[in-house]
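Participant: All I have is the shape, not the residue letters:
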C-alpha cells in the first residue's frame, strides 16, 4: 500500500495555522503572561523547535496571530452580513450585529491582552500601534462595503467610524459580564438611526 505524503509546503502552512489559532485561544483564555511560545506549541500539538522555526520570538508569534485572525475573521463577518439575504430594512442591523459579534469574540479578548501589555512595553507598543492602525482602516473599508454607502460623504464616514467605536465599546462591556441582552437593544436602535442618516453609494 502506497502512503501519500502531504507536501512539505502544505505541512508547513498547516503548522503555521495551528500555531496562530492556538495563540489567539491562549491569549483569550490565559492572558499575556501565559502565552509563551512553548505553551502555544503545546496547545497546537507541535514541537517548540517547529514553533520557533516559524516564529523565532514571542512577539513575532503574537503579531502574526493578531494580523491573520483579524484579516480572516473580519472579512468572514462582513461577507456573512452581505450574503445574509436580509431585506433592505434589516441590512444595516445585520452588518452591525456581525461587527459586534466580532468585537465580543475571542479575537477581541486576545487583542485586549496584547494592548494592555503593549501599554507598559515600548518595544511591543512599537509593533502593535501600526498594526492596530491597519486593522482600523481595514475594518472601516469592509464596513463601508458591507453597508453599500458612500464613504466620500463626510457625515457617512464619521457615522461608520462611530459604529466601529460603538462595537468596540460593546466588546469592552462584555469582557467581565454577559452584556448580550442590552447589546441587542443598542444594536437595533443604532441600526435604525443609521438607516435614516447614511448616504448610499450613488
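Facilitator: Right, received. Where do you want to start? Quick caveat: nothing in here was measured; it's all calculated off a predicted structure.
Participant: When you work out contacts or count neighbours from here on, use the C-alpha atoms and nothing else.
Facilitator: Will do.
Participant: if I pick residue 149, what's in contact with it?
Facilitator: Taking CA atoms under 8 Å, 6 or more residues apart in numbering as the contact definition, residue 149 lies against 156, 198, 199, 200, 201.
Participant: any idea how far it is from residue 18?
Facilitator: Shown here: residue 149 relative to residue 18, a distance of 37 Å by CA to CA, to the nearest Å.
Participant: Closest to the centroid, which residue in the chain?
Facilitator: Centre of the chain computed as the mean C-alpha position; nearest residue by CA atoms, centre = their mean is residue 70, 3.6 Å away.
Participant: does that residue really touch residue 137, like I thought?
Facilitator: No: contact between residue 70 and residue 137 fails when scored by CA atoms under 8 Å: they sit 11.9 Å apart.
Participant: As CSV, the contacts of residue 149 with pLDDT would be great.
Facilitator: Output for those, formatted as CSV (pLDDT from 0 to 100):
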residue, pLDDT
156, 94
198, 87
199, 82
200, 82
201, 81
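Participant: Tell me how many other residues crowd residue 119.
Facilitator: Residues near residue 119, counting by other CA atoms under 10 Å, number 12.
Participant: What sits closest to it if chain neighbours are left out?
Facilitator: Of all residues not flanking residue 119 in the chain, residue 125 sits nearest, at 6.4 Å (CA to CA, 6 or more residues apart in numbering).
Participant: ok, that neighbour - contacts?
Facilitator: 115, 118, 119 are the contacts of residue 125 under CA under 8 Å, 6+ apart.
Participant: Name the SS class of residue 20, please.
Facilitator: Following DSSP: H, G, I helix; E, B strand; the rest coil, the label given to residue 20 is helix.
Participant: What separation is there between it and residue 67?
Facilitator: Distance, residue 20 to residue 67, using CA to CA: 9 Å.
Participant: So those two - more neighbours on which side?
Facilitator: Taking other CA under 10 Å, residue 20 and residue 67 do not tie; residue 20 has more neighbours (24 against 15).
Participant: Surely the more buried one is in contact with residue 61?
Facilitator: Yes: using CA under 8 Å, residue 20 is in contact with residue 61, at 7.2 Å.
Participant: Can you pull out the low-pLDDT segments for the protein?
Facilitator: Counting by pLDDT under 70, the chain has low-confidence residues at 1-7, 84-89.
Participant: can you pull out the strands in it?
Facilitator: Assigned by DSSP state E, the chain shows no strands.
Participant: Which residues belonging to stretch 39-56 are considered buried?
Facilitator: By 16 or more other CA atoms under 10 Å, the buried positions in stretch 39-56 come out as 40, 41, 43, 44, 46, 51, 52, 55.
Participant: go on, stretch 140-154?
Facilitator: Neighbour-count burial for stretch 140-154, counted by 16+ other CA under 10 Å, picks out 140, 142, 143, 144, 145, 146, 147, 148, 149, 150, 151.
Participant: From residue 168, how far off is the last one?
Facilitator: Going back to what we said before, that points to residue 151. As judged by CA to CA, residue 151 and residue 168 stand 20 Å apart.
Participant: repeat for the fifth one
Facilitator: In this view, residue 145 and residue 168 are 19 Å apart by CA to CA.
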